[in-house]
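S.K.: what's the 3D shape of this:
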Amino acid sequence: MQGKPAKRISTLLLCTLLISGCGAERIQPETETSAPVRDCIVASEPSAEHDDSEAVEITPTPTAEPMPEITLVMVGDVLLHTPLAKSGETADGGYDFTALFANVKKEIEEADVALVNQEVIIGGSELGISGYPAFNAPYELGDALADTGFDVILHATNHALDKGKRGLLNCLAFWEENYPEKAVLGIHDSEEDSEAIYIYEQDGIRIAVLNYTYGTNGIPLPEGMPYGVDMLEEQRVIRDLQSAEEIADFTVVCPHWGTEYTLSQTKSQERWAKLFAENGADLIIGTHPHVIEPVEWVENTLVYYSLGNFANWTSGTGEGVANRMVGGMARVTIGRDENGAVGIVDWGVEPLVCHLEQGFGGVTVYPLEEYTAELAEKNEIVKQDGNFTLDYCLELVATVFGEAVRNTGK
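M.R.: Next comes the predicted model:
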């Protein structure tokens, strides 16, 4: 990879993805030393020539310590369309979105670091819960994200300013007051915060994460807050990548980019991916198109062009709407080799499908391998696009993700 050849593990291991069971706990760096070796004294058997026992000193061969690894997962767009919001309404007038994440919670919790693209602003009920085109989610959605085990919440999206300055500030205050341990990226309430680069550190490996959006649906940044949302501005991006190079071993860029409902990357995405790669990005995980797009290597940088929707209940009808129900979970293992270089050890994508039924808790996301033909027949999206079936989802995944699915180790 240009710009940081010493950080890339040179051989891609297309093998089973190993997911560590240590959860999302942040672990302080430790000094890397060999395991202590203790001398072992063994008494020899008496022989005819020697009546006295003799002590023989045997030094066992040291067992090499496993090299440190970090497991990273990320899911795509969480879109709170009106019927999806209604699926979380409780009898007392509040919300509970536990069902939304129930079938993937274990995988999220077991990852060392888990990211989610929170497509819509979490401005709270006081601003009015709303769906397309100007979204706003209740705070309870944030509670569900935190409970599920997400560590990094990505808010740089085209809907970040749907509720203006108040929505932005409400969202930031919610996270700071209730879950200060969570990393909230892409939106800011101060210039100082906008200039800081988030670093996740574990076992002496430092991972930088950057988040940008192509725009905010034509809504200008709030007056006096030019730093409010991180935008895909070339000079800003290059500066951030260069800073990340100085303080981190590995850099992840999460751009909100591309063209909606397009199953392949655009020329613009390819241009940005090349720019990211040339300036130090090791991993790129994109969002926004609301459908899945290919996974490929650009130079020495792994690129997930789009993970599609994680959860949505679009009002759209007709051919192609079924595509919006299929998403992906990026699964990447980052490790340090015997020479000290940090890079990608394993990678893959796990296909997901969003299941829709009426009533409380009726919207939930399944790993595609656990989805059934019977469930597909019950999915309300069939009424909006009759092409939706289990076979349709499987074929879509095979066509777009292809070999990347085989690397999930599942």
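S.K.: Sketch out the low-pLDDT regions of the protein for me.
M.R.: 1-57, 59-64, 407-410 (pLDDT under 70).
S.K.: Which strand in it has the most residues?
M.R.: Taking DSSP state E as the criterion, the chain has its longest strand at strand 342-356.
S.K.: How are the helices of the stretch 51-200 of the chain distributed by residue range?
M.R.: 82-86, 98-101, 105-110, 139-148, 164-178, 191-195 (DSSP state H, counting those that start in this stretch).
S.K.: could you dump those helices to JSON lines with mean neighbour count?
M.R.: Backbone N, C-alpha and C define where each C-beta goes, glycine included. Formatted as JSON lines, the helices of the stretch 51-200 of the chain follow (neighbours: other CB atoms under 10 Å):
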{"stretch": "helix 82-86", "mean neighbour count": "19"}
{"stretch": "helix 98-101", "mean neighbour count": "20"}
{"stretch": "helix 105-110", "mean neighbour count": "17"}
{"stretch": "helix 139-148", "mean neighbour count": "21"}
{"stretch": "helix 164-178", "mean neighbour count": "18"}
{"stretch": "helix 191-195", "mean neighbour count": "12"}
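S.K.: Nearest to residue 365, out of these?
M.R.: Closest to residue 365 of the helices of the stretch 51-200 of the chain is helix 98-101 (CB to CB; 6.6 Å).
S.K.: list the helices and strands that closest one packs on?
M.R.: Judged by 3 or more CB pairs under 8 Å, 6 or more residues apart in numbering; DSSP states H and E, helix 98-101 is in contact with helix 139-148, strand 363-367.
S.K.: could you give the angle of the longest strand of the chain to strand 363-367?
M.R.: Put simply, strand 342-356 runs at 130 degrees to strand 363-367, going by axes from the mean of the first three to the mean of the last three CA atoms, to 10 degrees.
S.K.: out of the helices of the stretch 51-200 of the chain, nearest to residue 370?
M.R.: helix 105-110 (11.4 Å).
S.K.: export the closest one as CSV, just CAs?
M.R.: The C-alpha coordinates for helix 105-110 follow below in CSV (Å, rounded to 0.1, in the frame of the first residue of the first chain):
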residue,chain,number,x,y,z
LYS,A,105,-26.8,-9.0,19.3
LYS,A,106,-24.4,-11.9,20.2
GLU,A,107,-22.2,-11.2,17.2
ILE,A,108,-22.1,-7.5,18.0
GLU,A,109,-21.3,-8.1,21.7
GLU,A,110,-18.5,-10.6,20.9
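S.K.: got the helices and strands packed on helix 98-101 as TSV, with distance to residue 73 columns?
M.R.: Below are these laid out as TSV (distance: least, CB to CB, whole Å):
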stretch	distance to residue 73
helix 139-148	11
strand 363-367	12
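S.K.: what's the closest of these to residue 307?
M.R.: It is, among the helices and strands packed on helix 98-101 and with distance given as CB to CB, strand 363-367, at 12.0 Å.
S.K.: Put the alpha carbons of the closest one into PDB.
M.R.: Extracted in PDB, the C-alpha atoms of strand 363-367 (Å, rounded to 0.1, in the frame of the first residue of the first chain):
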ATOM      1  CA  VAL A 363     -39.300  -5.700  12.600                       C
ATOM      2  CA  THR A 364     -36.100  -7.600  13.200                       C
ATOM      3  CA  VAL A 365     -32.900  -8.400  11.300                       C
ATOM      4  CA  TYR A 366     -31.700 -12.000  10.700                       C
ATOM      5  CA  PRO A 367     -28.500 -13.400   9.400                       C
END
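S.K.: Run through the neighbouring helices and strands of that strand.
M.R.: Secondary-structure packing of strand 363-367 (3+ CB pairs under 8 Å, 6+ apart): helix 98-101, strand 309-311, strand 342-356.
S.K.: for the ones you listed, which one sits closest to residue 239?
M.R.: strand 342-356 (22.0 Å).
S.K.: Tell me the strands beside the closest one, with direction?
M.R.: Strand 342-356 has the following strand partners under DSSP bridges: strand 326-336 (antiparallel), strand 363-367 (antiparallel).
S.K.: would CSV of these with mean neighbour count be doable?
M.R.: Below are the strands paired with strand 342-356 laid out as CSV (neighbours: other CB under 10 Å):
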stretch, mean neighbour count
strand 326-336, 25
strand 363-367, 21
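S.K.: Could you export those to JSON lines, including columns for distance to residue 101?
M.R.: Listed next are these as JSON lines, based on distance: least, CB to CB, whole Å:
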{"stretch": "strand 326-336", "distance to residue 101": "12"}
{"stretch": "strand 363-367", "distance to residue 101": "7"}
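S.K.: wait, which of those is closest to residue 104?
M.R.: strand 363-367 (5.9 Å).
S.K.: Tell me the first helix or strand C-terminal of the closest one.
M.R.: Counting by DSSP states H and E, the next helix or strand C-terminal to strand 363-367 is helix 373-378.
S.K.: in that next one, what counts as buried?
M.R.: Across helix 373-378, burial judged by 16 or more other CB atoms under 10 Å covers residue 376.
S.K.: after it, next one along is what?
M.R.: helix 390-400.
S.K.: who touches that next one?
M.R.: Helix 390-400 has contacts (CB atoms under 8 Å, 6 or more residues apart in numbering) with 263-264, 292-294, 322-323, 325-326, 351, 353, 368, 371-373, 375-376, 405.
S.K.: again, only using 7 Å
M.R.: Here helix 390-400 makes contact (CB atoms under 7 Å, 6 or more residues apart in numbering) with 263, 292-294, 322-323, 326, 351, 353, 368, 371-373, 376, 405.
S.K.: what do you get for stretch 372-382?
M.R.: 321, 322, 325, 355, 356, 357, 358, 388, 389, 390.
S.K.: give me that answer again for 10 Å
M.R.: 83, 312-314, 316-317, 321-322, 324-325, 353-358, 362-364, 366, 371, 387-393 (CB atoms under 10 Å, 6 or more residues apart in numbering).
S.K.: Any chance of a PyMOL selection covering the buried ones in those residues?
M.R.: Command for PyMOL, covering only those of these found buried under the criterion 16+ other CB under 10 Å:
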select buried, resi 83+312+313+314+321+322+324+325+353+354+355+356+362+363+364+366+371+388+390+392+393
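S.K.: How much space separates the closest residue to residue 105 other than its chain neighbours from residue 97?
M.R.: Closest residue to residue 105 apart from its sequence neighbours, by CB to CB, 6 or more residues apart in numbering: residue 148 at 5.1 Å. According to CB to CB, to the nearest Å, residue 148 stands 9 Å off from residue 97.
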